[in-house]
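Asks: let's see this in three dimensions:
(chains A and B)
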There are 2 protein chains.
Amino acid sequence: MNDYQFKVVKLQGDFVWHDHKDTDETFIVLAGRLRIDFRDGHVELSEGEMYVVPKGVEHKPYAEQEAQVLLIEPRGVVNTGDEKGSKTAENDVWI
Amino acid sequence: MNDYQFKVVKLQGDFVWHDHKDTDETFIVLAGRLRIDFRDGHVELSEGEMYVVPKGVEHKPYAEQEAQVLLIEPRGVVNTGDEKGSKTAENDVWI
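Replies: Residues are numbered from 1 along each chain as shown, chains lettered A, B, ... in the order given. So this is what the prediction gives:
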């Protein structure tokens, strides 16, 4: 909507520590469970639960079993923030 | 998130025809069923389904039985668009 994108993603295992300097990032769990680790704690999200990670806050998503998640963020945000690596995904790939 | 708000609303019956001149509006159905009428058709949304109404497009939400819906839109958007009336809600009321 407007200049925001909704991205349905599947997560399993550990993601990388990263942050997004310029934007908040919203997670809505569609299926499964998602943990988001922060440097000073974590949240556990179940199906139907939502969490907004504030901009600039380092976080690391983790799912013990495959989780399906709806991400909401401005167009062009890189999934790994400034931490480019093997888990960096190309944007706008339709699957 | 950022300058956007997530609003959980309950709808039952007919809403008013309106549009939002400056923004798209996203509906995610959390519980129940929601119909959105347009001047040239309609969509039916079930639990877990999402729809983005483009800016400037007249629409009228309708729920035969109470539906719970997550609305996503920029801060300050008026629920009835330019059609102020008895269904116009004050923003930022916490319930």
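
Asks: okay, now residue A:10: neighbour count?
Replies: Look at residue A:10: counted by other C-beta atoms under 10 Å in any protein chain shown, it has 13 neighbours. Yep, even glycine has a C-beta here, placed from its N, CA and C like the rest.

Asks: so it sits right up against residue A:66, yeah?
Replies: Yes. Using C-beta atoms under 8 Å, residue A:10 is in contact with residue A:66, at 5.7 Å.

Asks: residue ranges in chain A under the pLDDT threshold?
Replies: By pLDDT under 70, the weakly predicted segments of chain A are A:94-95.

Asks: with only the CA atoms kept, save the lengthiest strand in chain A in CSV.
Replies: Assignment by DSSP state E gives strand A:59-74 as the longest strand of chain A. C-alpha atoms of strand A:59-74 as CSV (Å, rounded to 0.1, in the frame of the first residue of the first chain):
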residue,chain,number,x,y,z
HIS,A,59,17.2,-7.9,16.3
LYS,A,60,17.6,-11.5,15.2
PRO,A,61,14.5,-13.5,14.2
TYR,A,62,14.5,-17.2,15.1
ALA,A,63,12.1,-20.0,14.4
GLU,A,64,12.6,-23.5,15.8
GLN,A,65,10.2,-24.9,13.2
GLU,A,66,9.2,-23.2,10.0
ALA,A,67,7.1,-20.1,10.6
GLN,A,68,5.2,-18.1,8.1
VAL,A,69,5.4,-14.4,8.7
LEU,A,70,3.9,-11.3,7.1
LEU,A,71,6.5,-8.4,7.1
ILE,A,72,5.4,-4.9,6.6
GLU,A,73,8.0,-2.3,5.7
PRO,A,74,8.7,0.5,3.2
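
Asks: quick one: it to chain centroid distance?
Replies: 4 Å (C-alpha atoms, centre = their mean, to the nearest Å).

Asks: how about it, which residues are buried there?
Replies: Buried residues in strand A:59-74, defined by neighbour count with 16 or more other C-beta atoms under 10 Å in any protein chain shown: A:59-63, A:67-74.

Asks: could you do stretch A:3-22 as well?
Replies: Buried-residue list, stretch A:3-22, by 16+ other C-beta under 10 Å: A:4, A:6, A:11, A:15, A:16, A:18, A:19, A:20.

Asks: now the two most distant members of the residues you listed.
Replies: Farthest pair in these (C-beta to C-beta) is A:4 and A:16. Separation: 23.1 Å.

Asks: re earlier: residue B:26: which of the buried residues of strand A:59-74 is nearest?
Replies: The closest of the buried residues of strand A:59-74 to residue B:26 turns out to be residue A:72 (C-beta to C-beta; 8.7 Å).

Asks: gap between that closest one and chain B?
Replies: To chain B, residue A:72 is 7 Å away according to C-beta to the nearest C-beta, to the nearest Å.
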